[in-house]
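Novice: sharing a model prediction with you, sequence too.
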Amino acid sequence: MDRLKTVRIDIDRWAAPLVAVASLASLAAAFIGEHWLGIEPCVLCLYQRVPYAATAVIAVLAAALPLGRPVRALCLGVCAAIFLAGAGLAFYHVGVEAHWWTTAIPGCAGELPDDLTVAELQALLQDPPRRPCDEVTWRLFGLTLAAYNTMLSLVLAVATAAAAAHLAKGANR
């Protein structure tokens, strides 16, 4: 039993870099899926990348700049809130895919309007509409990418909030 050692992570030092790595890895996975695996994203899929980009920027700044504990805790708290918003957006997408509700987000329908002019049709040929947001193109164990993103975003929100609380508690000592 003495050989087993507890692994401890210095949250003060590693929380922001870990958030940045998790966010950048999520973006990398999305780009690999799109460009190498041929999984075409819909408009909601693209919107779900924004929280990861935002948290990556905030976390990189929090890790790179000489900030005090209260400011780093605030940065991580903002990241946690952004992850939570991302989970909400991903869950909304799950509902659209499952036809629990419809979406009014422009570009999600994937169909062309009936009253297009020739100029509008030519513009659409240059930039064709994305796939419909309610069309599932990939599943693993019965879950869509939006469902996995919901779970990942929730886990990251909870972990980042815990790290922010730890930093804030230490800052108040």
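Specialist: All right, it came through fine.
Novice: how about low-confidence regions in this protein?
Specialist: Along the chain, segments meeting pLDDT under 70 span 1-9, 11, 109-116, 120-130, 171-173.
Novice: show me where this structure has strands.
Specialist: 139-140, 143-144 (DSSP state E).
Novice: distance check, His93 against Met151.
Specialist: Counting by C-beta to C-beta, to the nearest Å, the separation of His93 from Met151 is 13 Å. (Each C-beta comes from the backbone N, C-alpha and C, glycine too.)
Novice: ok, Pro66 next?
Specialist: According to C-beta to C-beta, Pro66 stands 35 Å off from Met151.
Novice: setting aside sequence neighbours, what's the nearest residue to Leu167?
Specialist: For Leu167, ignoring the flanking residues on the chain, the nearest one in space by C-beta to C-beta, 6 or more residues apart in numbering is Ala73 at 3.7 Å.
Novice: burial count for the one you found?
Specialist: Other residues within reach of Ala73 by the criterion other C-beta atoms under 10 Å amount to 24.
Novice: then Ala168?
Specialist: Burial measure for Ala168: 16 neighbouring residues, criterion other C-beta under 10 Å.
Novice: so which elements touch the longest helix seen in the chain?
Specialist: The helix of greatest length in the chain, counted in residues with DSSP state H as the criterion, is given as helix 69-97. The criterion is 3 or more C-beta pairs under 8 Å, 6 or more residues apart in numbering; DSSP states H and E, and the helices and strands that helix 69-97 contacts are helix 11-35, helix 43-47, helix 50-64, helix 145-171.
Novice: angle of it against helix 11-35?
Specialist: Here helix 69-97 runs at an angle of 30 degrees relative to helix 11-35 (axes from the mean of the first three to the mean of the last three C-alpha atoms, to 10 degrees).
Novice: ok now helix 69-97, how far from the chain's centre?
Specialist: Computed by C-alpha atoms, centre = their mean, to the nearest Å, the chain-centroid distance of helix 69-97 equals 8 Å.
Novice: cool, stretch 16-27 as well?
Specialist: 10 Å.
Novice: what's next to it, contact-wise?
Specialist: Judged by C-beta atoms under 8 Å, 6 or more residues apart in numbering, the contacts made with stretch 16-27 from elsewhere in the structure are 49, 52-53, 55-56, 59-60, 62-63, 72, 75-76, 79, 149, 152, 156, 160, 163.
Novice: any of the residues you listed buried? List them.
Specialist: Among these, those scoring as buried are 49, 52, 55-56, 59-60, 62-63, 72, 75-76, 79, 149, 152, 156, 160, 163 (criterion: 16 or more other C-beta atoms under 10 Å).
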